[in-house]
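Asker: just a sequence and a predicted model for now, questions to come.
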Protein chains: 2
Amino acid sequence: MKNIFSFNYKTFGKMPDVFINVIKTSPLFIGASEKEIYSMLACLGSFAGKYEKNEAIFHANENITNVGLVLSGSLYLEREDYWGNRSLLLRVEKGELFGEIYACEPLLSTNISAISAEETVVLFMDVQRITTLCTSNCIYHSQLIHNLLSVLAKKAYMLTCKINHITKRTTRNKLLSYFSEQALLAGSSEFMIPFNRQELADFLSVNRSAMSAELSRMQSEGIITFCKNHIKLQKVDNPL
Amino acid sequence: MKNIFSFNYKTFGKMPDVFINVIKTSPLFIGASEKEIYSMLACLGSFAGKYEKNEAIFHANENITNVGLVLSGSLYLEREDYWGNRSLLLRVEKGELFGEIYACEPLLSTNISAISAEETVVLFMDVQRITTLCTSNCIYHSQLIHNLLSVLAKKAYMLTCKINHITKRTTRNKLLSYFSEQALLAGSSEFMIPFNRQELADFLSVNRSAMSAELSRMQSEGIITFCKNHIKLQKVDNPL
DNA sequence: AAAGATCTGTTGCAAATATAACAAAAGGTG
DNA sequence: CACCTTTTGTTATATTTGCAACAGATCTTT
């Protein structure tokens, strides 16, 4: 990790515009003015770090107190078990938060690792300063708490959605469950998935080659068509 | 559902002591005085409902605005798929909250149902009145928000723990993952589980009879001993 | 363009699982 | 106690998955 900038009253405003625009549209600061954002960043002791591909942003069992906001790039929240089987919990994209579970409840032992999927810049914030009233006069403070609640609720919701996928008993039904969610999100029967085959298999916790074979069967049966990461669901009577 | 009492300035203090004691130790009100609790309950438009066994407290796709607190009994958060396969997300015990995900983010469509596991009394509270500043003078208000954040973070944590169990590739490893978590929680190699066999299978999303057979194999191999819901992990070199 | 690395699809086989059917055990009720 | 219901364990079989190995495709690097 390479520390690229931090915020206090001296460095106020030293952040590139592309990053500010990400922060403005992030779920934590949505609706806040640029001035409010700078004020909050200083208040939250923010600093940013740059990571190469496949670098660990935090490890399982590490003590996390900062929430992370992806300013550019993307990362995986993942876990490796005793035998080295990787299980991919979530992919975190630009503009999204991660580590908020552990940052809000520092007593919880981290049970996952955060690994950069590409070159990635992360903004860290001390979330404890959000939940305890800050001494400086943050007009945006109560809104921030409200947004943090919203972020946590949505994260928990995403986790229950993921559980709904992987509790399906066959690889085909796991795939269809995930694909139909993605189609709903995209508002179209055609969509791109943010995973390659190995990552998708790790996300649905099935074997890659078995999943690849199942994808081919589904295509030959006319249930789906796919080309690399582009998936198209065909209309069939009862896919699920 | 049978409505048993609600709270406003008139009904102040009409709640049985056993229920007040549950509320006092609940994660939402922990540390609050009885007076503060009554004040908050009125502020949150609370009311309580009584449910028979196997009654639906809310259905999937229902719009949820209230968070629920189990005053007595217990319930399951579960989901049934197209073919009727039940998937048991979580068991919610006396003193625990449920529905907080949907109550905090009412735009999220409910993807699970809440079903009482036995005769159960639930206290409902309008959580939106927590996150927006209430007009009455609630001294405990900011503490309540802090507690709600904590509850959501812990719920998300529990969900990631559950994902860690069910992403294991074999029934044996799912069982061992769950059992070792329970042993850690109990602080002992012997512990009780809150599920019967069918419920445990639904929780780990495996077939009941296949799981039953696996439990027997594990016992015959000396990995565990069990009698009904009482499980004992044996010390072996490399159980996981 | 050539060489190397990575990703993807395919196949056969061993291992694990789902399913159904049944019997024994446990619990509840009159 | 007898009867009924629910829960649990057992078994056989068909289905599904994991695994390993390989070849073709795609992407990177020099």
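Answerer: That came in fine, so what should we check first? What you see is a predicted model; the values in this text were computed from it and never measured. Residues are numbered from 1 along each chain as shown, chains lettered A, B, ... in the order given.
Asker: contacts, neighbours, all on C-alpha from now
Answerer: Will do.
Asker: is any residue of the helix ranked longest in chain A near chain B?
Answerer: The helix that spans the most residues within chain A, counting by DSSP state H, is helix A:141-166. Yes: using Cα under 8 Å from any Cα of the partner chain, helix A:141-166 reaches chain B at A:146, A:149-150, A:152-157, A:159-161, A:163, A:166.
Asker: who does that helix touch, helix- and strand-wise?
Answerer: In terms of contacts (3 or more Cα pairs under 8 Å, 6 or more residues apart in numbering or on different chains; DSSP states H and E), helix A:141-166 is packed against helix A:128-131, helix A:171-186, helix B:100-104, helix B:141-166.
Asker: what's the mean pLDDT across it?
Answerer: Helix A:141-166 shows a mean pLDDT of 92.
Asker: now it: buried residues?
Answerer: By neighbour count on 16 or more other Cα atoms under 10 Å in any protein chain shown, the buried set for helix A:141-166 is A:141-157, A:159-166.
Asker: repeat that for stretch A:28-46.
Answerer: Residues of stretch A:28-46 classed as buried: A:28-29, A:32, A:36-46 (neighbour count, 16+ other Cα under 10 Å).
Asker: now stretch A:201-210
Answerer: Those would be A:201-206, A:208, for stretch A:201-210 by 16+ other Cα under 10 Å.
Asker: stretch A:222-236 too?
Answerer: Quick answer for stretch A:222-236 (16+ other Cα under 10 Å): A:223-226, A:231-233.
Asker: and the residues of helix A:141-166 next to chain B, which two are the farthest apart?
Answerer: Greatest spatial distance among the residues of helix A:141-166 next to chain B (Cα to Cα): A:His146 and A:Ile166, at 30.7 Å.
Asker: now do the contacts for the residue most central in space within chain A.
Answerer: For chain A, the residue nearest the mean C-alpha position is A:Val92 (2.2 Å; Cα atoms, centre = their mean). Listed by Cα atoms under 8 Å, 6 or more residues apart in numbering or on different chains, the contact set of A:Val92 reads A:70, A:74-77, A:98.
Asker: hmm, back to that, from the chain's centroid, how far away is the longest helix of chain A?
Answerer: Here helix A:141-166 is found 11 Å from its chain centre; the criterion is Cα atoms, centre = their mean, to the nearest Å.
Asker: ok so, going back, now, which of the buried residues of stretch A:222-236 lie within strands?
Answerer: If you go by DSSP state E, the buried residues of stretch A:222-236 have A:224-226, A:231-233 in strands.
Asker: which of those residues lies closest to chain B?
Answerer: Proximity of these to chain B (Cα to the nearest Cα) peaks at A:Leu233, which lies at 18.1 Å.
Asker: chain A: helices as residue ranges?
Answerer: Going by DSSP H, chain A shows helices at A:17-25, A:34-43, A:100-104, A:128-131, A:141-166, A:171-186, A:197-204, A:208-220.
Asker: how near is the residue nearest to the centre of chain A to chain B?
Answerer: Note on A:Val92: its distance to chain B, by Cα to the nearest Cα, to the nearest Å, is 15 Å.
Asker: domains of chain A?
Answerer: Domain ranges of chain A: A:2-157, A:168-233, per automatic domain parsing.
Asker: worst mean pLDDT among these?
Answerer: Taking the mean pLDDT of the domains of chain A, domain A:2-157 comes last: a mean of 86.
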